[in-house]
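S.K.: coordinates only, sequence not included:
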């Protein structure tokens, strides 16, 4: 466990360089245990790269990370047992039933059979899918699949839950229901929530604190209310636009911009 009992995630001077770009540029931040933390930024800002380093999918170029007190580079198994994750793109097997997807995940995480069966039933009930447990996932709507992914990510009792655009493309009713699950999870189990979203009202309404990253660098971290006061904004979207600009971003444009910044630095 971490020496700092207050930190679920600790990042210090984290950098990720590729051949032609600097994706994450010397960032440092902490997320407290039991906190709901929103990680916001335009396309290509460095959000996904950071999450991949936190969740053992990428190795940093330099800097240090602790997730639940463990190092993602040298203690991968302990880190992976510590977190659950819902990716932006669906990772559910469509040719399996809801129950089979859950059961397979439990086997991978070595949850014993008795606990697995009890836990699957409880979680499917929580996301209103127990009556659909024997249905093939390919028959599910987008909202049902998202709810199943949330249930699956919680099966091994994670202390930290990463959510990458958890409500992307969902109708308001489903979005509200998913956030009700997340809030209840955070309140009842003190699960730390680390999420990204382009729906600024979600971050404004649900996050304890917000971190905004752009061009690989952390611009600011604070509570939504403090950010709105500081930047004289009515809502978090106005804050976001003031800090990151109003021009439309694309992954390709951001990559070109980062390459240009890198070349300029090399000339200095």
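M.R.: The structure has been received and is ready for your questions. Bear in mind that the values here come from a model prediction, so they are computed numbers and not experimental data. Numbering: from 1, shown residues only.
S.K.: Confirm residue 155 sits in a strand?
M.R.: No: applying DSSP: H, G, I helix; E, B strand; the rest coil, one finds residue 155 to be coil, outside a strand.
S.K.: quick one: it and residue 119 touch, right?
M.R.: Yes: using C-beta atoms under 8 Å, residue 155 is in contact with residue 119, at 5.7 Å. All C-beta spots, glycine's among them, are computed from the backbone N, C-alpha and C.
S.K.: list the residues that contact both of the two?
M.R.: Common contact partners of residue 155 and residue 119 (C-beta atoms under 8 Å, 6 or more residues apart in numbering): 106, 111.
S.K.: Looking at those two, which one has more neighbours?
M.R.: Set side by side, residue 155 and residue 119 show more neighbours around residue 155, with 22 against 19, by other C-beta atoms under 10 Å.
S.K.: who's in contact with the more buried one?
M.R.: Counted by C-beta under 8 Å, 6+ apart, residue 155 has contacts 84, 102, 105, 106, 109, 111, 116, 119, 120, 123.
S.K.: quick one: residue 8 is in a strand?
M.R.: Yes: under three-state DSSP, residue 8 falls within a strand.
S.K.: what about the closest residue to it other than its chain neighbours, distance to residue 171?
M.R.: Among residues not flanking residue 8 along the chain, residue 192 sits closest, at 4.0 Å (C-beta to C-beta, 6 or more residues apart in numbering). According to C-beta to C-beta, to the nearest Å, residue 192 stands 28 Å off from residue 171.
S.K.: Which one of the two is surrounded by more residues?
M.R.: Using other C-beta under 10 Å as the criterion, residue 192 and residue 171 rank with residue 192 on top: 25 against 12.
S.K.: Pull up the per-residue confidence for that one.
M.R.: Per-residue pLDDT puts residue 192 at 97.
S.K.: Now do the same contact list for it.
M.R.: Listed by C-beta under 8 Å, 6+ apart, the contact set of residue 192 reads 8-9, 31-37, 159-161, 186.
S.K.: Can I have the buried ones of these as a ChimeraX selection?
M.R.: Buried subset of the contacts of residue 192, written as a ChimeraX selection, criterion 16 or more other C-beta atoms under 10 Å:
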select :8,9,31,33,34,35,36,37,159,160,161,186
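S.K.: show me what contacts the closest residue to residue 98 other than its chain neighbours?
M.R.: Distance criterion C-beta to C-beta, 6+ apart; nearest residue to residue 98, sequence neighbours excluded, is residue 133 at 5.0 Å. For residue 133, the contacting residues are 97, 98, 99, 120, 124, by C-beta under 8 Å, 6+ apart.
S.K.: Okay, helices next: where are they in the chain?
M.R.: In the chain, the segments counted as helices under DSSP state H are 47-54, 76-82, 98-108, 113-126, 142-153, 172-189, 200-206, 224-230, 236-244, 251-267.
S.K.: Would you reformat these as a markdown table and include distance to residue 16?
M.R.: A markdown table is the format used below for those (distance: least, C-beta to C-beta, whole Å):
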| stretch | distance to residue 16 |
| --- | --- |
| helix 47-54 | 5 |
| helix 76-82 | 17 |
| helix 98-108 | 27 |
| helix 113-126 | 34 |
| helix 142-153 | 24 |
| helix 172-189 | 28 |
| helix 200-206 | 23 |
| helix 224-230 | 26 |
| helix 236-244 | 20 |
| helix 251-267 | 11 |
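S.K.: Redo the ones you listed as TSV? Include distance to residue 215 and mean pLDDT.
M.R.: Listed next are these as TSV, based on distance: least, C-beta to C-beta, whole Å; pLDDT from 0 to 100:
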stretch	distance to residue 215	mean pLDDT
helix 47-54	12	95
helix 76-82	27	94
helix 98-108	36	95
helix 113-126	39	93
helix 142-153	30	91
helix 172-189	29	89
helix 200-206	19	95
helix 224-230	19	97
helix 236-244	9	96
helix 251-267	6	49
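S.K.: I'd say residue 163 and residue 181 touch.
M.R.: No: using C-beta under 8 Å, residue 163 makes no contact with residue 181, being 10.8 Å away.
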